[in-house]
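Peer 1: Sequence first, then the predicted structure, then my questions.
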Amino acid sequence: MNQKNFKKEVIKKFNARGKLVYGKDFRIAYHRIPLLVEFVNYAMSTKDIAYSTPIIPNKGILLLGHQDSGKTAWMHLVKPFFDEGERYALRSIKEINMKFILYGKHTLSTYLDHQLPLCIDDWTMNSSIIEQFDVLFYILYKRMKKGLPNRHTHLISDMNIETIGQLYSKDKVDFLYKYFNIIEFR
């Protein structure tokens with residue numbers, strides 16, 4: 001399939017899924033189409049399409065953007081483009097953090113002991129940001145140490161990378177750059 005047909009097919013499938021989930025008036029914003037094609041190319045690990053993408057295939061996705069910009073909806077809608085074994089569970093860091101506070105560290109084994117692809121959402125939206133960030137990095141470090149494919153872990157945040165850099169240590173920011181494609185959702 002050539003690049004033009006690939007792009008048309010991706011838009012058609014994305015819009016169909018969006019209409020199914022969000023209603024008949026759903027349509028991808030024109031300015032998001034290039035990013036959609038890049039995401040789908042990444043998700044499908046499409047090697048035969050003559051389409052270059054800045055998204056590195058062996059890294060996860062760190063999707064950044066302001067609150068209510070559609071990041072979580074986006075990750076829901078691109079999920080079906082991934083191979084079945086790479087379709088991630090989408091979990092809020094609030095949910096993960098609450099389980100950690102209520103039941104302790106052993107409850108995190110759900111996210112550590114399985115090769116479950118995972119997308120962690122909202123990891124900077126609560127007043128206990130530091131606690132969430134520590135739980136998040138504990139999970140991330142352990143997943144990477146276990147040798148899970150990096151593309152099996154994705155993150156969504158309402159911070160931009162500059163703010164993350166100002167609030168957290170350089171080693172954590174370096175970790176994000178090493179293991180994730182950092183994409184600003186505008």
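Peer 2: All right, it came through fine.
Peer 1: per-domain residue ranges of the chain.
Peer 2: The chain breaks down by automatic domain parsing into domains covering 1-55, 56-184.
Peer 1: is residue 119 in a bridge, and if so with what?
Peer 2: The bridge-partner assignment for residue 119, based on DSSP bridges, gives residue 90, residue 154.
Peer 1: For it, give me its contacts.
Peer 2: With contacts taken as C-beta atoms under 8 Å, 6 or more residues apart in numbering, residue 119 has the following neighbours: 61, 75, 88, 89, 90, 91, 153, 154, 155, 156. Placement of C-beta: from N, CA and C, glycine included.
Peer 1: before we move on, back to that, out of the domains of the chain, which is the most enclosed?
Peer 2: Mean neighbour count (mean count of other C-beta atoms under 10 Å) peaks for domain 56-184 among the domains of the chain, with a mean of 16.
Peer 1: Which of the contacts of residue 119 sits closest to residue 30?
Peer 2: Compare each of those with residue 30 using C-beta to C-beta and the shortest gap goes to residue 75, at 20.1 Å.
Peer 1: How much space separates that closest one from residue 147?
Peer 2: The span separating residue 75 from residue 147 equals 24 Å under the rule C-beta to C-beta, to the nearest Å.
Peer 1: Output the below-cut-off pLDDT ranges for the chain.
Peer 2: Low-confidence segments of the chain (pLDDT under 70): 1, 46-53, 113, 124-133, 148.
Peer 1: Can you show me the helices along it?
Peer 2: Taking DSSP state H, the helices of the chain run over residues 3-22, 33-44, 71-78, 93-103, 109-112, 129-145, 161-167, 170-179.
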